[in-house]
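Engineer: Take a look and give me a structure for this.
(2 chains)
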Protein chains: 2
Amino acid sequence: MIGRLNHVAIAVPDLEAAATQYRDILGAKVGDPQDEPDHGVTVVFIELPNTKIELLYPLGEESPIAAFLERNPAGGIHHICYEVDDIIAARDRLKAQGARVLGNGEPKIGAHGKPVLFLHPKDFNGCLIELEQV
Amino acid sequence: MIGRLNHVAIAVPDLEAAATQYRDILGAKVGDPQDEPDHGVTVVFIELPNTKIELLYPLGEESPIAAFLERNPAGGIHHICYEVDDIIAARDRLKAQGARVLGNGEPKIGAHGKPVLFLHPKDFNGCLIELEQV
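Structural biologist: Alright, predicted model coming up:
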């Protein structure tokens, strides 16, 4: 069911410092910051040859990553995203197996303009998993 | 400098349950458990089309992931691994920029039989980063 690893998302306490570090010290291809007001984050995309890293920084008063950064002031890996062909079929298969889907269970349009869902970390080895239909 | 994302490593409290979950619920290609006594872990490799997930479970008395699982009993993402062409050049570049390399600073042979180094999470947004020479 799951396909490619679409991205690893890292919440960071200083977006400019983290972007500079990936560009200048780790020598990666780093994009410009993009505000995603619908998702409460500013994102910097890092293109690796086979996948992406997304640096996340809170945007606005109700950012979904603000609490994470309060618990992890140095930052940390926030979630990983797997691609699926059919997000409704994936959701129904997961729910039938007892896995919990976050929110109201309906896909939302994610930061890449595609339908996404998040799965409960307690059901998946403490990892927050995003599924993105591609 | 950094190339492909070689793998994402997830420490899990129940290796058989996690492997079954990835195989049967997430529908991924999951290998058999492999003991890596030199690294204090039993590993299950999950092959995605573009990278790997490694499920890690402690092996032996001095496993490097035992403390992580004590702090995170449900499991969690333990590290991410970036590929580099020349690990000594990468290390020297990182150290010249003030980044800390764990251990004695000399590469060890990792679970894939290739030289690896780990970077201090406090220098990299709370993420434990492994570099592997490929």
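Engineer: Parallel or antiparallel, list what pairs with the helix or strand of chain A with the lowest mean pLDDT.
Structural biologist: Every helix and strand in chain A was compared by mean pLDDT, DSSP states H and E; the lowest is strand A:108-109, with a mean of 92. Here strand A:108-109 has these sheet partners by DSSP bridges: strand A:115-119 (antiparallel).
Engineer: tell me the angle the helix or strand that the strand it pairs with is followed by makes with strand A:115-119.
Structural biologist: Next along the chain after strand A:115-119, taking DSSP states H and E as the criterion, comes strand A:129-133. With axes from the mean of the first three to the mean of the last three CA atoms, to 10 degrees defining the directions, strand A:129-133 sits at 160 degrees from strand A:115-119.
Engineer: Output strand A:129-133 in PDB with nothing but the alpha carbons.
Structural biologist: What follows is strand A:129-133 as a C-alpha-only set of coordinates in PDB (Å, rounded to 0.1, in the frame of the first residue of the first chain):
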ATOM      1  CA  ILE A 129       2.800   9.300   9.900                       C
ATOM      2  CA  GLU A 130       1.300  11.400   7.100                       C
ATOM      3  CA  LEU A 131      -0.200   9.700   4.100                       C
ATOM      4  CA  GLU A 132      -0.300  11.700   0.900                       C
ATOM      5  CA  GLN A 133      -2.200  10.700  -2.200                       C
END
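Engineer: partner strands of it, parallel or antiparallel?
Structural biologist: strand A:76-84 (parallel), strand A:115-119 (antiparallel).
Engineer: Between those, which one is closest to B:Leu119.
Structural biologist: Shortest distance between B:Leu119 and the strands paired with strand A:129-133, using CB to CB, is found for strand A:76-84: 14.0 Å. For every residue, glycine as well, the C-beta is placed using N, CA and C.
Engineer: Which other helices and strands does the helix or strand just after that closest one contact?
Structural biologist: Downstream of strand A:76-84, the next assigned helix or strand under DSSP H and E is helix A:87-96. When contacts are defined as 3 or more CB pairs under 8 Å, 6 or more residues apart in numbering or on different chains; DSSP states H and E, helix A:87-96 packs onto strand A:115-119, strand A:129-133.
Engineer: centre of the chain versus the last one, how much separation?
Structural biologist: Per CA atoms, centre = their mean, to the nearest Å, the displacement of strand A:129-133 from the mean C-alpha position of its chain is 9 Å.
Engineer: between it and helix A:87-96, how big is the angle?
Structural biologist: Using the same axes, to 10 degrees, strand A:129-133 lies at 150 degrees relative to helix A:87-96.
Engineer: quick check: mean pLDDT across strand A:129-133?
Structural biologist: Rounded to a whole number, the mean pLDDT of strand A:129-133 is 97.
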